[in-house]
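> give me coordinates for this.
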Amino acid sequence: MSIKILMWNVQGAGKQAFMATLKEIIRINNPTVIVLVETHLSGEKAQRVCDRIGFSGQTRVEAQGFSGGIWLFWKEEEVSVTPFEAHGQHLTIEIAKIGDTPWLFSAVYASPDSIARRELWKALEYAKQNFSGPWLLTGDFNETRTMDERHGVGGSEMQRRCINFSNWMESNGLIDLGFSGPRYTWFRGDTPSTFKAARLDRFMANEEWHLKFEDAAVKHLPKACSDHCPIILSTNGFAPIPMVLKPFRFQAAWLTHEKFEEFISANWNNSVPLIPFLAEFSSRLNVWNKEIFHNIFRKKI
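Model prediction:
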């Protein structure tokens, strides 16, 4: 049995849109564990929302005022969970499939404040010192490993931050688990001149965890009602979806691309029956998305 872990920074999501979107993500992906960060809720209001999500196990780190917050949910019938350590910026547990050996799992929301982030790195190091074995981390780290993981933000200070974060991962034996799907997990801006993006959300693990789950894979899911994409890990990887079963989805980010209108003008045809034409048009758009849209930022950086 695969353990699927869904992580989502829900910043900017309205309450109704968030709940409807989350239920649809759960329906499609069937996660075993859910991590929600930057929830901005605490106390009774947080508990009412958590109860609506409907998982049998739950715990959380309360938001501080209207910032932060980490919520963790799991299916008690599939995994066992033992609390390990709670901190304002991370929630760490021991987790295992029922009857299996536990491993360490940290759900992270790193503060935008650089001083507070340094406190988080030290807290995570301290947690790991008290556990010998596989360790998996996920969350919004508010950092990137390289400048290639950013678009629209540069400068020597950002380069220094990338180097420091990459060095911290290396010094703690942490491996980035990679991903498939959209290149960035955070997006902001509606026009090419204001568009900014970064891969702030990720899964990483130590070598012991990586060896235990050699087939593990990560997907970036489509962005919806938040500034961040949900991301999901499956310990046994994901079965390939046959092309005939893959639904076509329009991506709003395409509208920000300077050549999108040009593509529409060149490929739209009003003189043919609409339904069969849409199948052909969506196929062309998927090719454009793969060859042009997904590569344009790599060329500009």
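> quick one: the strands in the stretch 151-300 of the chain?
174-176, 186-188, 196-198, 201-206, 217-220, 231-234 (DSSP state E, counting those that start in this stretch).
> comparing those by mean pLDDT, which bottoms out?
Mean pLDDT is lowest for strand 186-188 among those, at a mean of 90.
> pull out the buried positions in that strand.
Of the residues in strand 186-188, Trp186, Phe187 count as buried by neighbour count, 16 or more other Cβ atoms under 10 Å. The way it works is simple: take the backbone N, C-alpha and C, and place the C-beta from them, glycine included.
> which strands or helices does that strand pack on?
Strand 186-188 is packed against strand 196-198, with contacts defined by 3 or more Cβ pairs under 8 Å, 6 or more residues apart in numbering; DSSP states H and E.
> how far is the strand it packs on from where the chain is centred?
14 Å (Cα atoms, centre = their mean, to the nearest Å).
> how about residues contacting it?
144, 149-153, 183-189, 297 (Cβ atoms under 8 Å, 6 or more residues apart in numbering).
> buried among those residues? Need that as a selection in PyMOL.
This is how PyMOL selects the buried members of the contacts of strand 196-198, with burial counted by 16+ other Cβ under 10 Å:
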select buried, resi 144+149+150+151+152+183+184+185+186+187+297
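> correct me if wrong: Lys4 contacts Ile34.
No - between Lys4 and Ile34 there is no contact under Cβ atoms under 8 Å: 9.4 Å.
> more neighbours, those two?
Neighbours were tallied for Lys4 and for Ile34 using other Cβ atoms under 10 Å; the higher tally belongs to Ile34 (25 against 19).
> nearest residue to the more buried one other than its sequence neighbours?
Leaving aside its sequence neighbours, Ile34 sits nearest to Phe73 (Cβ to Cβ, 6 or more residues apart in numbering; 4.3 Å).
> so which residue is dead centre in this structure?
Nearest to the mean C-alpha position of the chain, by Cα atoms, centre = their mean, lies Ile231 at 3.2 Å.
> related to what we said a few turns ago, in a markdown table: the strands of the stretch 151-300 of the chain, plus distance to Phe250.
What follows is the strands of the stretch 151-300 of the chain, written out as a markdown table (distance: least, Cβ to Cβ, whole Å):
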| stretch | distance to Phe250 |
| --- | --- |
| strand 174-176 | 30 |
| strand 186-188 | 15 |
| strand 196-198 | 18 |
| strand 201-206 | 23 |
| strand 217-220 | 17 |
| strand 231-234 | 21 |
